[in-house]
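K.L.:
Got a sequence here, can you build the structure:
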Amino acid sequence: MTYYPEGTNSSLVKKFNSVSELKEAIKSREIIEGRVTVCDSQHNLYVNLGGFRGMIPRLEGAVGILEGTVRDIALISKVNRTVCFRIMGLHKDESGEIIPVLSRRNVQLECKSEFIDKLKTGDIIDAKVTRLEDFGAFIDIGCGLNSLIPVDMLSVSRISHTSERLKTNQLIKTVLKSREDSKLTFSLKELLGTWEENVSAFCAGETVSGIVRSIETYGVFVELAPNLAGLADPRSDVFEGQSVSVFIKSVSDEKMKIKLAIAETFPEAPPLTELKYYVFDNHIDEWLYSPKNSSKIIYTKF
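P.N.:
Below you'll find the model as predicted:
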């Protein structure tokens, strides 16, 4: 079975118009998704199932609620969002209305044991960005279970905040960097190309667009691609995050350096650079960013 980040597979969204359809879903134990419409005062979640309104009891809302390691804010934040669940049974309330009883926890436990616990370092998976912080990006790696990509693992080109590389709800590919017990850390930069793969799109004499990433006394670092940046001469009239056009003065594979000259600056904020992936397998064992003739080595061993 494939376990998807929540809200990324529309075929899992189902509407039910009869009790027999609900009973069939209980029997098949299929994973279903639906939009949470209400979180009540007891932190039970209610989900739109078409002809029925399903309820996810608080303790079934997420792995960690029962254990006390996840706070109730994790449930409140699901209102107006799509979540996954199984229909576990049918309950009839005092008025006789049939309430499907749902469990998100059940799906998450299965996802953890059948998918996440079996991942090995170097495995590449699909994920969805759920929250952006200055220290890293939280991602849904399956069925609403979250992990982290630290900010320094988003790209070779340094950024000050994850929002400069990603946006919430963005679907990305990511690689498992490390595992410490139940804590998984992922990375993105190893999928965005080596020095040679990135620099092949540029050559000396061209004028191209870039983004100012860092301003130092000795020069201005300008990002040409997420995994490629060059150094321009010092300028006092630029700021970090600014769009610029730059003239490429020279490219050195051995020194892994690109010399630039800022040709023009622009006041508007640049759009997010579209991610271009250079790895298309489901697993990598190692990644060498540096050219073979470079004295500087940037290398990842998984």
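K.L.:
isn't Ser18 right up against Gly51?
P.N.:
Yes. Counting by CB atoms under 8 Å, Ser18 touches Gly51, with 7.3 Å between them. (C-beta placed from N, C-alpha, C; glycine too.)
K.L.:
Of the two, which one has the most company?
P.N.:
Gly51 (13 against 10; other CB atoms under 10 Å).
K.L.:
can you pull the contacts of that one?
P.N.:
15-18 (CB atoms under 8 Å, 6 or more residues apart in numbering).
K.L.:
and the residue nearest to Gln42 when sequence neighbours are not counted, how many neighbours?
P.N.:
The shortest distance from Gln42 to any non-neighbouring residue, by CB to CB, 6 or more residues apart in numbering, is to Arg58 (6.1 Å). Close neighbours of Arg58, defined as other CB under 10 Å, add up to 17.
K.L.:
Could you do the one 5 residues further on as well?
P.N.:
With neighbours defined by other CB under 10 Å, the count for Val63 comes to 21.
K.L.:
try Ile149
P.N.:
25.
K.L.:
Next up, the contacts around it.
P.N.:
Ile149 neighbours (CB under 8 Å, 6+ apart): 136-137, 139, 162, 174, 185-188.
K.L.:
ranking the contacts of Gly51 by neighbours, who comes first?
P.N.:
Phe16 (20 neighbours).
K.L.:
Can you list the residue ranges for helices in the stretch 51-200 of the chain?
P.N.:
73-76, 104-114, 195-199 (DSSP state H, counting those that start in this stretch).
K.L.:
Can you give the contact residues for the longest one?
P.N.:
Residues from elsewhere that reach helix 104-114 (CB under 8 Å, 6+ apart): 1, 3, 31, 45, 56, 59-63, 65-66, 83-86, 88, 142-145.
K.L.:
quick one: Asn9 from Val246, how far?
P.N.:
41 Å (CB to CB, to the nearest Å).
K.L.:
between the two, who's got more neighbours?
P.N.:
The neighbour comparison of Asn9 against Val246 (other CB under 10 Å) goes to Val246, with 25 against 15.
K.L.:
In terms of pLDDT, where does the more buried one sit?
P.N.:
On pLDDT, Val246 comes in at 98.
K.L.:
try Ser182
P.N.:
83.
K.L.:
How about the one 5 residues further on?
P.N.:
If you check Ser187, the pLDDT there is 98.
K.L.:
and it, what does it touch?
P.N.:
Per CB under 8 Å, 6+ apart, neighbours of Ser187: 149-150, 153, 174-177, 300.
K.L.:
Redo these as JSON lines? Include distance to Leu231 and pLDDT.
P.N.:
What follows is those, written out as JSON lines (distance: CB to CB, whole Å; pLDDT from 0 to 100):
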{"residue": "Ile149", "distance to Leu231": "26", "pLDDT": "98"}
{"residue": "Pro150", "distance to Leu231": "25", "pLDDT": "98"}
{"residue": "Met153", "distance to Leu231": "23", "pLDDT": "98"}
{"residue": "Thr174", "distance to Leu231": "29", "pLDDT": "98"}
{"residue": "Val175", "distance to Leu231": "28", "pLDDT": "98"}
{"residue": "Leu176", "distance to Leu231": "33", "pLDDT": "98"}
{"residue": "Lys177", "distance to Leu231": "28", "pLDDT": "98"}
{"residue": "Thr300", "distance to Leu231": "24", "pLDDT": "97"}
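K.L.:
Sort out for me which of these are in strands.
P.N.:
Counting by DSSP state E, the part of these found in strands is 149-150, 174-177, 300.
K.L.:
Chain neighbours aside, what residue packs nearest to Lys128?
P.N.:
Nearest non-adjacent residue to Lys128 (CB to CB, 6+ apart): Pro5, at 3.8 Å.
K.L.:
The one you found is in contact with Asp126, isn't it?
P.N.:
Yes. Between Pro5 and Asp126 there is a contact under CB under 8 Å: 6.9 Å.
K.L.:
Can you check which residues contact both of these two?
P.N.:
With CB under 8 Å, 6+ apart, Pro5 and Asp126 have common neighbours Leu171.
K.L.:
Settle it for me: which of those two has more neighbours?
P.N.:
Neighbours of Pro5 and Asp126, each counted by other CB under 10 Å, are more numerous for Pro5; the result is 24 against 16.
K.L.:
Give me the pLDDT value at that one.
P.N.:
So Pro5 comes in at 98 (pLDDT).
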